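A.B. asks: Model the structure of this input:
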Amino acid sequence: MNPDLERPGELDAGSAGRPFSARWALASLSLSMLLSALGTSIANVALPTLAQAFAASFQQVQWVVLAYLLAVTTVIVSVGRLGDLLGRRRLLLAGILLFTVASALCAVAPTLGLLIAARAAQGLGAAVMMALTLAFVGETVPKERTGSAMGLLGTMSAVGTALGPSLGGVLIAGFGWPAIFLVHVPLGILALLLGQRFLPRDRRRTRSCPTADRTEERGGFDPVGTLLLALTLAAYALAMTTGRGRFGLANVALLGAAVCGLGLFAFAETRAASPLIRWTMFRNPVLTAGFAMSALVTTVVMATLVVGPFYLSIALALDAARVGLVMSSGPLVAALTGVPAGRLVDRSGARRSTLAGLLGMAAGCFSLLLVPTRFGIPGYVAPLVVLTAGYALFQAANNTAVMTNIGPGQRGVVSGLLNLSRNLGLVTGASLMGSVFALGSATTDILAARPEAVAAGMRMTFFVAALLILAAVGVAAAGQALARRAGPAAPAALVEPGAARD
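C.D. replies: Numbering: from 1, shown residues only. The predicted structure follows:
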């Protein structure tokens, strides 16, 4: 852990003398981020085994993955808002507990239906962990070290993503599929104990405080908006993930339902006394640009996961073991560069680091577009390393820019929105980039395509990816120009009227 993040002996308001250590608090947050990422990636490798164990089809067992994804996507903003209202510490601890218990239930599930239900519960716990770990950074480290903390959390997310497939394969081979869920239990217990001991207690606002937000005191929540947003996000996620890459009538209907739901949600928020999302926060150009860039960038990141296995196995004729090894290079680079990227953000500033990360990603995309297949594995890995290192820098810088100058009463919902934009980018990328790849390969059956066709599909995919990154550069430049023009008043739009500031 970075010693610069330590604030030994500090007492948090309302802690009743409990010592607060930023180092151990960050250890709890890092473990929470690791577990939520591991929960996302570890189950994919088990789908063939689960299909055999439960005598189920691929369409049925894929819900083991989709249930987790849908649960995270649909509630991540709502749980962030609940953390702002009820207290982030107690809700985060409850989320860790739910994730841990649900992991144990997954391991002992006697039927596929119960396993899917337990995975949905696990996803709810993961949504709490994802939304509130970023929100807690502002309460655990000094503002000038926010970049380092964000880099550390990004590293743990990358480690969880990279470790999932390989660890899952080893556990399944040695102990059977329940082991991929049981492995979360001791780690979850450790995260819970660390959080219980070292996370700063929730601040209590009293009636004697003239600036306290009485709506928050009384637990103001927006159940109608919460339900509409959850249904809208569920419809969109299903539209992007069902059909195994084919966009049919059901996908169109779900996408139409998502559009209608978004309109209803926007209308409901204008009428709500205590809205889930205050539209005034989007007047801040840093926040709006941060969300947009996060969605664009993660769409591109998903392209490497969608296209990479087909390009490596068909165009470069690698066996499964070497495909897995090459594919792990991206998350490994992200894990190694996350903390240094965070330190660079602290030294150079979030704005410069955001642009530098995006330009690095653009260079990686253009290299993947231009490097011919005759360069083999090095011709794929080198651009992937550049792209992934750029992503690590962008993620640390963008998270820092979004989460730094906001009021404490909005940290949870803003963190939830930031994670939501990332998830929506991943969901969209899986569908969009898969379709572009199929179009560029000029075939509906990728497995039967010739190596030249697969290489052409990859070039088209990363041409589109490069355009998306250039669009993100434009968004970054426009957002930074608007932020400079707005001056220091911009962050004020993120604070609820009457909310107390730290």
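
A.B. asks: you'd agree Val381 is up against Ser329?
C.D. replies: Yes. Counting by CB atoms under 8 Å, Val381 does reach Ser329; the two are 5.4 Å apart. From N, CA and C alone the C-beta is placed, and that goes for glycine too.

A.B. asks: What is the burial count for Pro110?
C.D. replies: Residues within reach of Pro110, counting by other CB atoms under 10 Å, total 8.

A.B. asks: no no, Arg485
C.D. replies: 9.

A.B. asks: I'd like to know how far it sits from Ala478.
C.D. replies: 11 Å (CB to CB, to the nearest Å).

A.B. asks: Same question for Thr74.
C.D. replies: According to CB to CB, Thr74 and Ala478 sit 30 Å apart.

A.B. asks: okay, these two: which has more neighbours?
C.D. replies: Under the neighbour definition other CB under 10 Å, Thr74 and Ala478 were set side by side, and Thr74 has more, 25 against 14.

A.B. asks: any idea which element the more buried one lies in?
C.D. replies: Thr74 belongs to helix 63-86 when assigned by DSSP states H and E.

A.B. asks: for stretch 321-338, how far is the first residue from the last?
C.D. replies: 26 Å (CA to CA, to the nearest Å).

A.B. asks: And for stretch 166-183?
C.D. replies: Termini of stretch 166-183 sit 13 Å apart (CA to CA).

A.B. asks: In stretch 448-467, which residues are buried?
C.D. replies: Within stretch 448-467, the residues that count as buried by 16 or more other CB atoms under 10 Å are 449, 453-466.

A.B. asks: Could you list the domains of this protein?
C.D. replies: 18-200, 222-275, 280-496 (automatic domain parsing).

A.B. asks: Dump those into JSON lines; add mean pLDDT as well.
C.D. replies: Below are the domains of the chain laid out as JSON lines (pLDDT from 0 to 100):
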{"stretch": "domain 18-200", "mean pLDDT": "84"}
{"stretch": "domain 222-275", "mean pLDDT": "82"}
{"stretch": "domain 280-496", "mean pLDDT": "82"}
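
A.B. asks: returning to that earlier point: quick one: distance of the very next helix or strand once past the helix holding Thr74 to the chain centre.
C.D. replies: Going down the chain from helix 63-86, the next helix or strand is helix 88-108, by DSSP H and E. On the basis of CA atoms, centre = their mean, to the nearest Å, helix 88-108 sits 18 Å off its chain's mean C-alpha point.

A.B. asks: Arg352 in helix, strand or coil?
C.D. replies: helix (DSSP: H, G, I helix; E, B strand; the rest coil).

A.B. asks: which residues touch the helix or strand encompassing Ala234?
C.D. replies: Per DSSP H and E, Ala234 falls inside helix 223-241. By CB atoms under 8 Å, 6 or more residues apart in numbering, the list of residues contacting helix 223-241 from outside reads 66, 69-70, 73-75, 77-78, 81, 251-252, 254-255, 257-258, 261-262, 264-265, 268-269, 272, 275-277, 420, 424, 427-428, 430-431.

A.B. asks: helices and strands around the helix or strand just after that helix, which ones?
C.D. replies: Using DSSP H and E, the next helix or strand after helix 223-241 towards the C-terminus is helix 249-271. For helix 249-271, the packing partners by 3 or more CB pairs under 8 Å, 6 or more residues apart in numbering; DSSP states H and E come out as helix 223-241.

A.B. asks: relative to helix 249-271, how tilted is the helix it packs on?
C.D. replies: Put simply, helix 223-241 runs at 160 degrees to helix 249-271, going by axes from the mean of the first three to the mean of the last three CA atoms, to 10 degrees.

A.B. asks: quick one: helix 223-241 to chain centroid distance?
C.D. replies: Taking CA atoms, centre = their mean, one finds the center of helix 223-241 at 17 Å from the center of the full chain.

A.B. asks: Stretch 285-294 too?
C.D. replies: Chain-centre distance of stretch 285-294: 15 Å, with CA atoms, centre = their mean.

A.B. asks: okay, that stretch in PDB with CA atoms only?
C.D. replies: Output in PDB follows, covering the C-alpha atoms of stretch 285-294 (Å, rounded to 0.1, in the frame of the first residue of the first chain):
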ATOM      1  CA  PRO A 285     -18.900  19.900 -17.700                       C
ATOM      2  CA  VAL A 286     -16.300  17.800 -15.900                       C
ATOM      3  CA  LEU A 287     -19.000  15.400 -14.700                       C
ATOM      4  CA  THR A 288     -20.800  15.100 -18.000                       C
ATOM      5  CA  ALA A 289     -17.700  14.700 -20.000                       C
ATOM      6  CA  GLY A 290     -16.400  12.100 -17.500                       C
ATOM      7  CA  PHE A 291     -19.500   9.900 -17.900                       C
ATOM      8  CA  ALA A 292     -19.500  10.200 -21.700                       C
ATOM      9  CA  MET A 293     -15.800   9.400 -22.000                       C
ATOM     10  CA  SER A 294     -16.100   6.400 -19.600                       C
END
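
A.B. asks: which parts of it are buried?
C.D. replies: 285-294.

A.B. asks: Serialize those to JSON lines and add fields for secondary structure and distance to Ala94.
C.D. replies: Shown next, in JSON lines, are the buried residues of stretch 285-294 (DSSP: H, G, I helix; E, B strand; the rest coil; distance: CB to CB, whole Å):
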{"residue": "Pro285", "secondary structure": "helix", "distance to Ala94": "35"}
{"residue": "Val286", "secondary structure": "helix", "distance to Ala94": "31"}
{"residue": "Leu287", "secondary structure": "helix", "distance to Ala94": "27"}
{"residue": "Thr288", "secondary structure": "helix", "distance to Ala94": "31"}
{"residue": "Ala289", "secondary structure": "helix", "distance to Ala94": "33"}
{"residue": "Gly290", "secondary structure": "helix", "distance to Ala94": "28"}
{"residue": "Phe291", "secondary structure": "helix", "distance to Ala94": "26"}
{"residue": "Ala292", "secondary structure": "helix", "distance to Ala94": "32"}
{"residue": "Met293", "secondary structure": "helix", "distance to Ala94": "31"}
{"residue": "Ser294", "secondary structure": "helix", "distance to Ala94": "26"}
